[in-house]
Structures are given as structure tokens and as C-alpha cells.
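Enquirer: 3D model of this:
(4 chains, ligands or ions: 5)
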Amino acid sequence: MTKDGALPKGFERPTVSASPNDSSVQEKYEEVKSSSKTITLRISKFNPEKDLRTAFHAFTVPYQRWTTVLDAILEVKSHQDHSIGVRYSCRQATCGSCGMIINGKPRLACFTKISELDSDVVTVEPMNNFPLIRDLAVGFERMFSTHKRIKPYVIREDSETNPGTKEFLQSPEDVEKYIQFASCIKCGLCNSACPTMTTDSTFIGPQGLAQAYRYVADNRDQGKDERLRIIDEPHGIWRCHFAGSCSQVCPKGVDPAMGIQLLRGYLLGYRK
Amino acid sequence: MDKDRKEGIKGMANPGRYGIERVAYWLMRITGLGLLFYFIGHIYETSSLLDGKAAWDSMLELTQTTEGHIFLALVIGMCVFHTGNGIRLMVAQAGFGFGKARRPDYPYTPSSLNMKNKLCIYVSIGLAALAMMYGLSVMFHV
Amino acid sequence: MSNIIRESHIMKIHYLTALVAVGFVIIHIMIRFTHGSFANSLEFESVIANYKSIPYAIVLEAMLILISVHGFNGLRIILLELKQGNAYENAVTYGCLAAMIALIAYGSRTIIMASMGMVEA
Amino acid sequence: MTNTIDYDLIIVGSGLAGLRATIQAARRNSKIRIAVISKVQVMRSHSVSAEGGTAAVLFPEDGDSIESHIYDTVKGSDFLADQDAAERLCKEMPDEVYQLEHWGMPWSRREDGKLGQRAFGGYSFPRATYASDKVGFFEMQTLYDTCQKFDNIEFLNEWFVTSILQNEKKFVGITAIELSNGDFHTIKGKALIIATGGAGRIYSFSTYALSSTPDGLDMAYRAGLALKDMEFVQFHPTGIMPSGILITEGARGEGGYLINKDGDRFMKKYASKLMELAPRDIVSRSIMTEINEGRGFKNETGVDCMKLDLRHIGDDIIKEKLGGIREISLKFSGVDPAQEMLDIRPVCHYMMGGIHTDINGAAELQGVWAAGEAACVSIHGSNRLGANSTSECIVWGKITGDEAVNYIEKATPATSIPTDLVNMEEKRIYDGIFRGRGQANPYEIKQELTDTLNDKAYVYRNQTDLLEGLKKVRELKAMTWKHVDDQAKEYNTNFSNVMELDSMFRVAEVVLIGAINRKESRGSHARTDFPKRDDKKFLHHTLAYYAPEEPIMKKHPVTITNYKPVERKY
Ligand SMILES: Cc1cc2nc3c(=O)[nH]c(=O)nc-3n(C[C@H](O)[C@H](O)[C@H](O)COP(=O)(O)OP(=O)(O)OC[C@H]3O[C@@H](n4cnc5c(N)ncnc54)[C@H](O)[C@@H]3O)c2cc1C
Ligand code: HEM
Ligand code: SF4
Ligand code: F3S
Ligand code: FES
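Expert: Ligands and ions are numbered 1, 2, ... in the order given. Okay, here's the model as predicted:
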């Protein structure tokens, strides 16, 4: 997409002249401001004290090329409806707070630009397959506890150091084997997309399984057998059917589907 | 309202949002179940052998209808797809065919959703269609 | 159930039965073509003749077992994912197991009796 | 309405400092019950955004030395750092890097399998240990995951802590609101570690997470603990336009250039030796000087900016070592750093100041420690060197964890929670804020407040601006902005947003008053009306104590051991 210098969607812009106080840039700016387009933002709202079901409220929001869905939601929260319940923090796709369903697909609000959605109406809903707390905020307790269950840490006797200890040697190639899975920001989008999760809330889920693989693939770790035993249960790794939706929605390129299938290689005896 | 907000079967069977892998996923389920029902029926059907030629023939008659033929053609299609996709899944689930894990670069293209896998799915669907057509041509003597 | 047998063992069986079944199903369908036409192959006499060939009867029996195991385990998987809870899951597991055994028994009766010629005229 | 819970150790804030303290305490004594409380879900703390590196001396055999790290830190601080603290940081850090490595940290490696290090601003040796450009994220993950080993840790996700409770000059507990259901709790504890991070969201153009508001600092401040050196706010030279998201110093560490309108690498004028890798205060000032003298660019949003050129580094190295910023610039600005230059501008990035502590991280109330960015042990003095902050978080996380366990192990039976304090706090937040029916929109007030700081207390400061800023802040404060529309219990972020705003006023005031009082230029604090450093009058820390009307300002001596202040040249 970017190899040939093309810009991501929403950035088809005219060549901006490099000289600064150049009047054309200023004009461009004026143009951007005055032409500021608007979209209709439909936000799913639900207040557990009062409501029996979720309902959509629609707002008109101005946006620019770089406006993200999170920006738009916070714009509404600041100026139109203070009560919107939404979780956010880093606004740069590293904290994993802002997963939600945007125009039908699970995505990070801060990592989805309005302009790339190609739609005049943007609909945001809380993530599916997570218990709803309020409006767009869902409960993560179960995902966190399954994460804990797969023992997500280096298991070996000398993992606590003494003064003067040096590193375990690891080549850049060794790091490549697990770094992809270590990029998980625990946003839960994958769990929300996985078809098994739509009916099975006891499934470990792609997030936890990918983390199990992250540690199994790390050559500093010696806890493989322990971890394999944990995930080899009726609602464990075998409830993945390689539907691939997890990898499709993952905003960080973790590719849980791949991790899960690789992990299965150990259980099927193809890998040691 | 359901506290966990599980999407239920509806969500499971909603392939529109996702890729062909998701379609393959639910086709696999449906064909698996379909085959199981056919299989049970088939065992019941063949058991009529024990009751002699008359019983067998009358049982056969039931299936030698247009609907019966179409149903049989469906079974053939289901069987071919299920087998083809099943073999793909088994190869994939043993961890083959994704290349290696590596540092992801933006924009992220997950290597598990690679062309090889997609191709296998399309081929399975294509083969299933071909087999169904062949089956229909045999059964309807065209 | 899960404390008696690991899920990975079950799934190995699931995959293995599928793989072996592929071969048998191919044989099973190929046999249809040894009779000239599809319709001919379904003639009562040719079917009975097939059953009387002991190797083929063994193929049929194996196929019956393999596919039943595979198919009912598949059903169990789907049902387990549909709903959770101890009682329900036990019911599913044992229900599928029972159905599987019943189907195998019922199918085996046909195969054994047909191959031994215990068929009404 | 009030529920009481009881723990031994309470850790408020779950950034690098909080989690490192948690692990230290948990592994020291498995009987101690630890609560980690954070207003965001624990692993979503601001620390995940740290990008570039963690400083440590790992390769003395290649010519690095602890001594040099100490001196670089002290010199970088413009000699306001407490030198004993800087020494402790540099000495303890190597072991900590290896400890993180043993816990699974995916540090980037050299070909020989050892840890990789890159160049960073103000260092005389490339000693920023890195993991691609997601150092903070991976460190947070390593620490959070390692916490899962222990059963004596309890995470209280999304609990907003509002005040510190004390009895007979001893810490006894805190009050907090559980956001998911709105319940108000008092939590009893024997010891407290405050690790609530920086407060950079008092500036509108900021690299910080949106959750980095000063409520943690404010809670300590209201409890009578001093805030130290708050006038020193670091502006990072390279915040990308228009979002203000950080482009790590590692980008320059890997060889990036800063280019002005004439196509010059203008840094040669300001720091001929270190060029782009001079300390941040110097680079930021250089950029602003260039812009003020008309050699800047205009971003298409109309704001002045400068260009950062990474094109010569090449796509492959950018992908390997700067993948995160490549993603950020592609996504948020539509610029591929391998093809085009990036629009950047100095951006609020770090607060050198914080809760006043001694070298062990102990605050002025018995049983309370502070660590990380929220604390001011004073390692960074008036200007922090890049990569030294994550180091500080980790080292003082560990130290405070240890100290708190020592204290708990021999603590006398807990005194009871004074109900009048709890009632007062309930009144403050519920009657004062939750039931507030003010006329002004608090979100607009917040925008104005943060814009004011951006305008008036930015890279270059002067008396007039600062006074105007203070006046404006007080005007805003006097308006009736205490208004919470949302009266629901569950997940009421409207309520917490207004509480955050409330704390911003007090802390912004301390920043401005500190800046007004310091009539010199030192480190990040550059006064155009007093362009020279003045060691005679101002070689001291600033302390601010809470008083209802206006903070009480005091002075505090700087610890100088080996290095006499000299002029800072790079
Ligand atoms: C974009 C960016 C990049 C950086 N890169 C680097 C780098 O490369 N190298 C480096 O050394 N440093 C870097 N820094 C600085 C460094 O990241 C921070 O100083 C450090 O992460 C602070 O960590 P902390 O543990 O003190 O606090 P934080 O990580 O900020 O955590 C604060 C915690 O306190 C909680 N909290 C706050 N108030 C309350 C309350 N009232 N109730 C309950 N909980 C509360 C928050 O929820 C959060 O959990 C960077 C900073 C930024 C902004
Ligand atoms: C002969 C070739 C066959 C092959 C190679 C095959 C392969 C597979 C594989 C690999 C799976 C697992 C899918 C997954 O985990 O997602 C599966 C599931 C299943 N199979 Fe088969 N199968 C075959 C025949 C059959 C037959 C004849 C039946 C019917 C009796 C059947 C019924 C099922 C069912 C019900 C499932 C569960 C569906 C699911 O898990 O999604 N299969 N098959
Ligand atoms: S694997 Fe990807 S989608 Fe899933 S939680 Fe991690 S980052 Fe989110
Ligand atoms: S979407 Fe679910 S089925 Fe497997 S490949 Fe991903 S976990
Ligand atoms: S706000 Fe952090 S991921 Fe979106």
C-alpha cells in the first residue's frame, strides 16, 4: 500500500508546497477549515439503571482528514452529550482501551479515521461478546482472567536475577519468533470478532491463546508443557476453527490465528 | 438484555463483515452437520436391505425422485467441500503454510490469511460445484 | 470427561478418522462405477453381492465406525460451543457418545447380516 | 454508600513505576496483600506510550561508564539534579535492565545476542536500551504479565482515587470511586505508593495519554505533601502535527535530521557537536528560535512547524527500528517517513516536577512513598534526558516497593480511619462536583485552560505572559464550571472528567507561580527576560504546599556531591 508511495485512504491530498509562509498553504488551511465536512455519528447508548436495551442517538460532527472516530466521539462528549460512556486513554493505538464496533466491524476508535470509512453515517456500538457496562464501555474481567490463566510470563527457575547477572543471549532471529505476538495490546477486538465467542463465553479466545504462543515461542521460557496442558481442555485451543476473523480485525498485526495454529502443532506432535 | 451480549448463532453465521475464511468456517459447520444427517439417513436406508428386495426397492424409489436427486447432488457437494476444506484445515492446524512469524509492519497483513489458504477454499468450493454438476448430470441422464 | 481423556486426544481421533475416511469414501464411491452405471450399482442384487465380498464388508464397517466417530464428535463440538454449563456439557458428551454407539450398532447389524446372507428373499 | 476494604499495601497508579513496585513488594513477602489501583485498566496506563529507550550502562567493555551516565544526567539537568539520586539511578539501572530481560522483555538484540542500545539526546555514549520503538509498551507488558505470577496482588481496574487519608500524621487509607458501578469506597492500608505519573494534559498540545491529568499530584498536594519543581515542563522537540503524538528521539538517534525552510540542518548553529542529539530543552528552543525568526514551515492546519527528515535512513531500518512511528505518521498524518519529511513541533512531554520525596522515595507523610513521574526525587533537575524516565520509574519502583515492605513488616497496628475526613471528601466530590449545576461547559473550560498554558508557559516564557496566564487561569477557575450533566452511577466519565479539571486548576497554578518566581533560565525553563542561569539566587528546588487561597512556596537545597555547576555546552 505504501511501497509505491501511495498514501493510505483518506489522504489523497494535493502536493503541499514545501515553502512555509507561502500563501497557498494558508489558503489551503482556510479551505480546509471552511469546507469542513460533517458526518452523522450514531452512538449506541445504554444506561443500566434506566434502559432495557440499547438505543442509537445521532449527532452531527464536523471532521477533517485526520479526525479519528475517537476524536469525533469526544467532540460529541465535550459539546453535545456529556454523558457518553467511553473508554480511552492513549489516543495512539497502544493502550487498547477504545475497541468498539464501528460501521459493523470491531476496530479501535482512535485508529480509525472518519475519512477512511467512506460513509456519511458512522455507527459506533460497544464490542460484541463482552458484557456491557455503559454505552460504549464493556467489561474485560473475563478476558483478563483468562489471560492470567495461561501463565503469561517466563517460567524458569532463574528468572529472578541477582546483582551482576547478565542477559540470556537471544539472537535477533529468536526475537522475531515471538515479537509479533508480543505486540498484543489486549484490546479484545479479536475476541469480539471470533465466531466461537459468539456463543461460547468459556472459550479462552484468540487473545489468550496468542499470548500462550508468545511465551511458548520465546526460547527463554521453559513452561511449555505447563501451558499446553492448560489450553488443552474442552473450551481451550480446539475451539478455534481457523475462521481467521481475529487476525483480520487485529489492529497490531498480531495474527492470533497463526499463533493458535502454530501452537496446535505442539499438541498434534508435529513440533517439539 | 443478555448480560454477556453474546451475538449468538446469528453472529456466528454473519460472514458479510469478514473474509472468505469466515465463510469457509460456517460452510464447514453446515456441511458437517448436513453430512451427519445424510449419513444417519443413509444407514437407515441401507438397513432396508435386510428386509429383502421389495423393501430395498421401495426405499430406493423414495430417493429416485427429482427432489431426491437434488438432495443427493447437495450431499455430493457438501462432501467434496467438507473434504477439501477439511484437508486444508488439518494442514493449517498442524502449523503449515503460513510462512514464519515475523515482526509485523504497518499496514498489517496477517500471514495466516494468505493466498494459499484462500485459494484452497475457493478450489474446494469450485470442486464441490463441479462435483454437484457431474452428479446431477449422471442422475438426470443428461 | 475431560479428566479421563484430553481434548487433544479426541481431536487427534477426529482428524485421523477424517483422513482415513477420505480413502474409504473414495473406494466406496469408486465401487459404484464398477457396475457400469450409477443406477445399476444400486440394484438389489449387486448391492448384496458387494456385501458378500468380505474385504468390502470390512471397508464398510470401518467406514461406518470412522464416520460415526468423526460425525458425532463434530456434533459434540458444535453443541459444546452453543451453550455451556456442567450438566448440559455432560449431557452433550454422553448423548453424542450414546448416539454414536447406537448408530454403529445399527449399521453393523446391516453389514454383518447382509454379508452373511441373512437377508429375506 | 461507603464501603471499606482493607489491604496492607496500596499502590495508586499502574504505570511502570507502580507495577515495578508491585512486583518488588509481592516477591519480597507473599503474605502482604497488595492492591494496585488505577483509574484506567491496569495495563492501559500512559507508560505504554513511551517509545524510544531506557538508559543504562551495559557495555563498559565498549567504553561506557556509570560515571559518564551520572555526569550526563547531571549536566542535562542543568545542575539542578540531586547528584546522589542521579548516582543511585545510574548504579542500579544495569541490573534492572537484565531483570526485565529475565522476565521476558523483548529487547532488541545485537547480532551477538546481547542487548541493543541506541544513541539518545545528551548522552556521550549510545546507552538507550531499546525494543524497536515501543519500549514503554513492552516494559509495561513484561511487568503486567510478571504480576500475574503472584497471588497476593489484586488489580482494582478503573478505580478513581480521590484522596489520601491520614490519622495522627500517619497514612491510614484512601478514598476511591469504582467507575464501573459508581460506588464510593474507603480503602484501608498500612502503606501507600503514589505512582500516578505525569500531568501533561494541562497542556493542550501534548504527547501524553488523555488520562494523564494531575489528579494524582493534586490528591497528594491536598493531603499536605509538597509539589517540587513544577515549573520545569519538558517540551519534546518532535511532536507530529496535527495530533501531537510523539515522534521518538530514537528517530534522531537513528540519524534523523531537523531541517528548516532554507533546507539547513539548523542544529549546527546551536549545538555543533551533538547536533540533533543535543538535550531536548536545547533542541526545542532551537526550533522555536528558527520559527520565531521566520525559518519555519506552516503545517496545513495553519500552525508553525519544522521538518524532521528520516528519508535517508531507508525504509528497511525505519521498519525495523522505528515501526511504531512509521505507523503513527502513516495513519495519523498520512506521511510515509521513508518518502516525505514529517511536520513536527515542540510538544509538552514530561514534568520534571512532582511530589517531593527523599532519595528513598519517601514523601513527607509517614507511610507514603512516591515513584515514577509523579515523584520528584530530583534526578532530572530542570531538564530530563530522554530514556532516563523509564529508568527512574523502574529503579524507584523497586526502591519504594522494598521500603514499603520494610515499613509494613514492622508497622504498628493500624490506626482507624477518621470518619470526618471521609465525610469531608464525600462532600467535596459529591456536593461540590457531582451535584454541581454550573453554567459553563467544563469541557470548554478545560480547553481554554490547557490552551492558556500552551500559549503562556511554552518553550520560551516571560513575566508578562506568565502573569497573564495566571490571571486567565484564575478567571477560569472562578467561573461556574462545576457541572456534571450525567447523573448515572455506572461508568460516569463525565463526573471523573470534571474531577480531573478541578485538579488541573490547582496544579496549573503551581506551575505558573513557580515559573514566575524563577527569574532565570535553567534547563527547560527559558525566560526571555532572564536569559542566563543564576546559580547565586536560584540553585535550589521549589516546593509548593497547599493552602486554600494560593500555594505556599518554599525553597529546598540541591544536593551536590561531585560535580560543580558549570556552563552547559554541547
Ligand atoms: C509519548 C511519550 C513517550 C515517552 N518515551 C519515553 C522514553 O522513550 N524513554 C523514557 O525513559 N521515558 C519516556 N517517556 C516518559 C515516561 O513514559 C513516563 O515518564 C513514565 O511512563 C511515567 O510512568 P509512571 O509509572 O510514573 O506513570 P504513568 O504510566 O503515567 O501511570 C500513571 C498511573 O496512575 C494512574 N492514576 C493517575 N491518577 C489516578 C487517580 N486519581 N486514581 C487512580 N489512578 C490514577 C493512571 O491510571 C495510571 O495507571 C515518554 C513519555 C511520553 C508521554
Ligand atoms: C471424509 C472426509 C472428511 C474430512 C477430511 C473431514 C474433516 C473434518 C475436519 C478437519 C473437521 C474439523 C473442522 C474444524 O475443527 O473446524 C471436521 C469437522 C466435522 N466433520 Fe468432517 N470430515 C470428513 C467427513 C465428514 C463426514 C462424512 C461427516 C458426517 C458424518 C463429517 C462431519 C463433521 C462434523 C459434524 C464436523 C464438525 C464441524 C465443525 O467443527 O465445524 N465429516 N471434519
Ligand atoms: S491479538 Fe490483536 S485484536 Fe486481539 S487483543 Fe491483542 S491486539 Fe487486540
Ligand atoms: S477468529 Fe476464532 S475461530 Fe480461531 S482463527 Fe480466530 S480464534
Ligand atoms: S485510546 Fe488507546 S488504543 Fe485507542
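
Enquirer: Return the distance of the lowest-mean-pLDDT helix or strand in chain C from the chain's centre.
Expert: Scoring the helices and strands of chain C by mean pLDDT, DSSP states H and E places helix C:38-41 at the bottom, with a mean of 76. Computed by C-alpha atoms, centre = their mean, to the nearest Å, the chain-centroid distance of helix C:38-41 equals 23 Å.

Enquirer: Which element, helix or strand, includes residue 142?
Expert: Answering for chain A, as no chain was given. Under the criterion of DSSP states H and E, A:Arg142 resides in helix A:141-149.

Enquirer: Chain D was what I was after
Expert: Assigned by DSSP H and E, D:Thr142 belongs to helix D:135-147.

Enquirer: what mean pLDDT does that helix have?
Expert: The pLDDT scores in helix D:135-147 average 98.

Enquirer: is chain A contacted by the helix or strand just after it?
Expert: Remark: after helix D:135-147, the chain's next helix or strand is strand D:153-157, criterion DSSP H and E. Yes: applying C-beta under 8 Å from any C-beta of the partner chain, one finds strand D:153-157 in contact with chain A at D:155, D:157. All C-beta atoms are positioned from the backbone trio N, CA, C, and that covers glycine.

Enquirer: Report the inter-axis angle for strand D:153-157 versus helix A:141-149.
Expert: For strand D:153-157 against helix A:141-149, the angle by axes from the mean of the first three to the mean of the last three C-alpha atoms, to 10 degrees is 150 degrees.

Enquirer: Please list the residues of the stretch 101-250 of chain A that sit near ligand 3.
Expert: Neighbours of ligand 3 within the stretch 101-250 of chain A, by C-beta under 6 Å from any ligand atom: A:184-190, A:206-207, A:210, A:249-250.

Enquirer: Which part of chain B gets nearest to ligand 1, residue-wise?
Expert: Residue nearest to ligand 1 within chain B: B:Tyr106 (17.7 Å; C-beta to the nearest ligand atom).

Enquirer: Check the secondary structure at that residue for me.
Expert: Following DSSP: H, G, I helix; E, B strand; the rest coil, the label given to B:Tyr106 is coil.

Enquirer: ok, and the closest non-adjacent residue to it?
Expert: For B:Tyr106, ignoring the flanking residues on the chain, the nearest one in space by C-beta to C-beta, 6 or more residues apart in numbering or on different chains is D:Glu327 at 3.8 Å.

Enquirer: Give me the number of neighbouring residues for the residue of chain B closest to ligand 1.
Expert: For B:Tyr106, the neighbour count with other C-beta atoms under 10 Å in any protein chain shown is 21.

Enquirer: How about the contacts made by it?
Expert: By C-beta atoms under 8 Å, 6 or more residues apart in numbering or on different chains, the residues touching B:Tyr106 are A:253, D:323, D:326-327, D:330-331.

Enquirer: go on, A:Ile260?
Expert: Residues near A:Ile260 by C-beta under 8 Å, 6+ apart: A:206, A:209-210, A:213, A:237, A:240, A:242.

Enquirer: so what does the least confident helix or strand of chain C touch, helix or strand wise?
Expert: Contact here means 3 or more C-beta pairs under 8 Å, 6 or more residues apart in numbering or on different chains; DSSP states H and E; on that basis helix C:38-41 packs against helix C:7-33.

Enquirer: Show me what counts as buried in the helix it packs on.
Expert: C:7-8, C:10-11, C:14-15, C:17-18, C:20-21, C:24, C:31-32 (16 or more other C-beta atoms under 10 Å in any protein chain shown).

Enquirer: Kindly report the residues of the stretch 251-400 of chain D close to ligand 1.
Expert: D:349-350, D:372-374, D:386-390, D:393.

Enquirer: closest to B:Trp26 among the residues you listed?
Expert: Nearest to B:Trp26 among these, counting by C-beta to C-beta, is D:Thr390 at 46.3 Å.

Enquirer: State the helix or strand in which that closest one lies.
Expert: For D:Thr390, the element it lies in under DSSP H and E is helix D:388-409.

Enquirer: mind checking how far the closest residue in space to C:Cys96 that isn't next to it in sequence is from chain B?
Expert: Closest residue in space to C:Cys96, ignoring its immediate chain neighbours: C:Arg76 at 4.1 Å, by C-beta to C-beta, 6+ apart. Computed as C-beta to the nearest C-beta, to the nearest Å, the C:Arg76 to chain B distance reads 11 Å.

Enquirer: check whether the helix or strand harbouring C:Arg76 contacts ligand 2.
Expert: Using DSSP H and E, C:Arg76 falls within helix C:54-82. Yes: counting by C-beta under 6 Å from any ligand atom, ligand 2 is contacted by helix C:54-82 at C:67, C:70-71, C:74-75, C:77-78.
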